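**Q** structure here, sequence nowhere to be found:
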């Protein structure tokens, strides 16, 4: 059996990053590579460009930095003719008042740390760019929090005072011409340890579930406070384990605050995540139970055990069966797809069947019974699939 590493967005992302880095001179490329591979945050790069038309190397790009479950864009501008100089950082158009090098008073020490990075800039130190960006982002999050704290809204002030001790909390002010002002909280909930599942596959970033809470800013204190907008957010990797969209959020009662709401939500999430982890173990046992009927699978995704492909044959007709195991397995049955290894369409693509999810199934069966029933279904249905392939060939001639 070929064991496939789970596609967590890491493999394709690494290839794209290498392609981007190749556009830059070695000294700048080393700093950018360090940032992309060592950052504790999922930072992205886009809009690579050149300082002059005839330049051999690119020297400027846009960074997408995570901020309150969204991304902000900062332009990073080096000079390829003087790559040993520190880059300029240009912030977003909506952040004209964010001036991290002119802070005084409370922010003075942090501002000095930024100056220290610039004054001690060594292009041969690949960590310089990452340290600069992380320090600026910390300042930016402080700037956003200060904007919110300056709002004349007692409800928001109370929410901040009760939730601020939570580590990793982020707050930002949402404003614009076409929308009323609002405040967004990104509240970290569960920090998941999936080391027992993701054995041998270290991830760059923590797996975590967040609660996004958006409060409207009240213009008049006489207005009745309305319930905030609530949404759960999780990393792409977690979606293979746990469907965040299926979680029913508790009702936000009148007069409630986040400090009251979150404990109940976290308790419910822990129970559902535990159930999802148990489902992974059930899917793994199911894949192992296929072996007596079909032999070792051709391919199997062995992290979350969501996909497996087996080889089947009826007489001289051979075909593949791809099984997709749902997150809610065994409550929901696997979806089967047949793929001929002998019949191809006019584009040279293998002929495949419809999706099968209408065969006998019960979540109460043990895995040996489940795989036996699937084996019996494939034996019966392969006759129809062979005819389907032959008819398809006639149509393509």
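**A** Nice, I can see it. In this text the structure is predicted, and so the values were computed from the model without any measurement.

**Q** ranges for the helices of the stretch 101-250 of the chain?
**A** For the stretch 101-250 of the chain, the helices defined by DSSP state H, counting those that start in this stretch occupy 108-119, 128-149, 154-163.

**Q** now residue 63: how far from residue 269?
**A** Distance of residue 63 to residue 269, computed by CB to CB, to the nearest Å: 31 Å. (Glycine included, C-beta is placed from N, CA and C.)

**Q** in this structure, where is pLDDT below threshold?
**A** Along the chain, the parts satisfying pLDDT under 70 run over 1-16, 103-111, 176-179, 191-206, 220-224, 396-397.

**Q** ok, longest strand in it?
**A** The single longest strand within the chain, with elements called by DSSP state E, is strand 179-191.

**Q** what sits up against that one?
**A** Here strand 179-191 makes contact (CB atoms under 8 Å, 6 or more residues apart in numbering) with 68-69, 148, 151, 156, 159, 163, 166-175, 206-217, 233, 258, 262, 265-266, 269-270, 273.

**Q** kindly recompute the last result at 7 Å.
**A** Contacts of strand 179-191 with the rest of the structure, by CB atoms under 7 Å, 6 or more residues apart in numbering, involve 68-69, 148, 156, 163, 166, 168-175, 206, 208-217, 258, 262, 266, 269-270, 273.

**Q** what about residue 317, neighbour count?
**A** A count of neighbours around residue 317, defined by other CB atoms under 10 Å, yields 17.

**Q** how near is the residue lying closest to it once chain neighbours are set aside to residue 341?
**A** In this structure, residue 317 finds its nearest non-sequential neighbour in residue 386, 5.0 Å apart by CB to CB, 6 or more residues apart in numbering. In this view, residue 386 and residue 341 are 12 Å apart by CB to CB.

**Q** the two: which has the busier surroundings?
**A** Taking neighbours as other CB under 10 Å, residue 386 and residue 341 compare with residue 386 leading, 18 against 14.

**Q** wait, the more buried one touches residue 318, no?
**A** No: because the distance of 10.3 Å does not satisfy CB atoms under 7 Å, residue 386 is recorded as not touching residue 318.

**Q** re earlier: show the buried residues in the contacts of strand 179-191.
**A** Among those, those buried by neighbour count (16 or more other CB atoms under 10 Å) are 68-69, 148, 156, 163, 169-174, 209-213, 215-217, 258, 262, 269, 273.

**Q** strands along this protein, start to end?
**A** Counting by DSSP E, the strands of the chain are 2-4, 44-49, 60-67, 70-77, 88-90, 170-176, 179-191, 208-216, 229-234, 299-301, 307-314, 317-324, 335-344, 350-356.

**Q** in a markdown table, list the ones you listed along with distance to residue 370.
**A** Shown next, in a markdown table, are the strands of the chain (distance: least, CB to CB, whole Å):
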| stretch | distance to residue 370 |
| --- | --- |
| strand 2-4 | 22 |
| strand 44-49 | 41 |
| strand 60-67 | 41 |
| strand 70-77 | 42 |
| strand 88-90 | 56 |
| strand 170-176 | 44 |
| strand 179-191 | 31 |
| strand 208-216 | 30 |
| strand 229-234 | 29 |
| strand 299-301 | 16 |
| strand 307-314 | 13 |
| strand 317-324 | 11 |
| strand 335-344 | 12 |
| strand 350-356 | 14 |
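
**Q** out of these, the one nearest residue 242 is which?
**A** strand 229-234 (7.0 Å; CB to CB).

**Q** what residues sit buried inside the closest one?
**A** Applying a neighbour-count criterion of 16+ other CB under 10 Å, one finds 230, 233, 234 buried in strand 229-234.

**Q** partner strands of it, with direction?
**A** According to DSSP bridges, the neighbouring strands of strand 229-234, each with its direction, are strand 208-216 (antiparallel).

**Q** please state the offset of the partner strand from the chain centre?
**A** A distance of 16 Å separates the C-alpha centroid of strand 208-216 from that of its chain, computed with CA atoms, centre = their mean, to the nearest Å.

**Q** show me what that strand is in contact with.
**A** 69, 156, 159, 180, 182-192, 226, 228-235, 244, 258, 262, 265, 269.

**Q** count the residues that sit near residue 132.
**A** Neighbour count for residue 132, taken as other CB under 10 Å: 21.

**Q** spit out the contact partners of it.
**A** residue 117.

**Q** same thing with residue 90?
**A** Under the contact definition (CB under 7 Å, 6+ apart), the residues listed for residue 90 are 74, 75, 77.

**Q** buried members of these into PyMOL, please.
**A** Restricted to the buried members of the contacts of residue 90, where burial is judged by 16+ other CB under 10 Å, the PyMOL selection command reads as follows:
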select buried, resi 74+75
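
**Q** please identify which of the contacts of residue 90 is nearest to residue 292.
**A** Minimum separation from residue 292 among the contacts of residue 90 (CB to CB) is found for residue 74, which lies at 56.7 Å.

**Q** OK, contacts around the closest residue to that closest one other than its chain neighbours?
**A** Nearest in space to residue 74, with sequence neighbours left out and distances taken as CB to CB, 6+ apart, is residue 63 at 5.0 Å. Listed by CB under 7 Å, 6+ apart, the contact set of residue 63 reads 43, 45, 74, 76, 133.

**Q** at 10 Å what do you get?
**A** With contact taken as CB atoms under 10 Å, 6 or more residues apart in numbering, residue 63 is in contact with 32, 35-36, 43-47, 71-76, 89, 129, 133, 137.

**Q** just list whatever residues bridge to it.
**A** The bridge-partner assignment for residue 63, based on DSSP bridges, gives residue 45, residue 74.

**Q** so how far is residue 319 from it?
**A** For residue 63, the distance to residue 319 (CB to CB) stands at 48 Å.

**Q** also residue 89?
**A** According to CB to CB, residue 89 stands 56 Å off from residue 319.

**Q** go on, residue 342?
**A** Residue 342 sits 8 Å away from residue 319, taking CB to CB as the criterion.

**Q** which residues do those two both contact?
**A** In the contact map built from CB under 10 Å, 6+ apart, the residues linked to both residue 342 and residue 319 are 350, 351, 386, 389.
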